[in-house]
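Engineer: Generate coordinates for the sequence data below:
(chains A and B)
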Amino acid sequence: GAVVSQHPSWVICKSGTSVKIECRSLDFQATTMFWYRQFPKQSLMLMATSNEGSKATYEQGVEKDKFLINHASLTLSTLTVTSAHPEDSSFYICSATSGLYNEQFFGPGTRLTVL
Amino acid sequence: AQSVTQLGSHVSVSEGALVLLRCNYSSSVPPYLFWYVQYPNQGLQLLLKYTTGATLVKGINGFEAEFKKSETSFHLTKPSAHMSDAAEYFCAVSGSGANSKLTFGKGITLSVRP
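Structural biologist: Below is the predicted model:
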């Protein structure tokens, strides 16, 4: 149980385009989802916390207009990288949890490369 | 506020040797502590966690960790390393709420020599 998926697993896009990444909880209802960014050989940095049906809470330094997060249902959250640039290239990982659990469950990650 | 310190960036052990990965934390509230493993280009897999109760916790793949409040530590150990243990290991801390944020250490790369 407690499986989280991400789609796509990798994506290559041109500079200036927008990319949407999906995060789904497959076998539980996730009241809260988190989005992380990981640079090569570095740790995970929390970008934002999203609660179903409400606006995401962004960490300091994360541009909310660039990284749009939507958590419209209890099983789906999306991260849209708008007007992507090469510096947005990174590994994006989501996690999900609910009041039933005392841990976050992580997705497999999405590798974004912006050319 | 909370933070995690993982000293060193790389640990190398021989196959069959003891694995010890150190983690120290700071937290203004009673902590929940986690160890995760990450293989290249993959997400995080939970090895073990401490929430409450027994301070020695056992996880998957033969790993265990002991919560020592007086030392603010949560070191990860495995008696005998296997080649498949080579990966990146992250220690993390959160508060007790279900929606609490996780704060990660910078990670340690474990190499296992034949």
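Engineer: wait, residue B:45 sits on residue B:38?
Structural biologist: Yes - in this structure, residue B:45 sits in contact with residue B:38. The criterion is C-beta atoms under 8 Å, and the distance is 7.2 Å. To be clear about C-beta, it is placed using only N, CA and C from the backbone, and glycine gets the same treatment.
Engineer: the more surrounded of these two?
Structural biologist: Here residue B:45 and residue B:38 are set side by side on neighbour count (other C-beta atoms under 10 Å in any protein chain shown), and the busier one is residue B:38, at 22 against 15.
Engineer: List the residues that contact that one.
Structural biologist: By C-beta atoms under 8 Å, 6 or more residues apart in numbering or on different chains, the residues touching residue B:38 are B:44-45, B:87-90, B:107.
Engineer: in the sheet, who's paired with it?
Structural biologist: residue B:44, residue B:88 (DSSP bridges).
Engineer: ditto for residue B:77
Structural biologist: The partner residues for residue B:77, given DSSP bridges, come to residue B:20, residue B:64.
Engineer: Check what pLDDT it gets.
Structural biologist: Residue-level confidence at residue B:77 comes out at 98, pLDDT.
Engineer: What about it, how many residues nearby?
Structural biologist: Using other C-beta under 10 Å, the number of residues around residue B:77 comes to 14.
Engineer: For the residue located most distally from the centre of chain A, what are phi and psi?
Structural biologist: Counting by C-alpha atoms, centre = their mean, the extreme residue of chain A relative to its mean C-alpha position is residue A:100, 21.2 Å from that point. Backbone torsions of residue A:100, given as degrees, to the nearest 10, read phi -80, psi -20.
Engineer: Quick check: which ranges of the chain have low pLDDT?
Structural biologist: By default, I'm working from chain A. A:1 (pLDDT under 70).
Engineer: hmm, I had chain B in mind actually
Structural biologist: B:98.
Engineer: roughly how far apart are the residue nearest the centre of it and chain A?
Structural biologist: The structure's chain B has its C-alpha centroid closest to residue B:35; by C-alpha atoms, centre = their mean the separation is 3.2 Å. Remark: distance between residue B:35 and chain A (C-beta to the nearest C-beta, to the nearest Å) = 12 Å.
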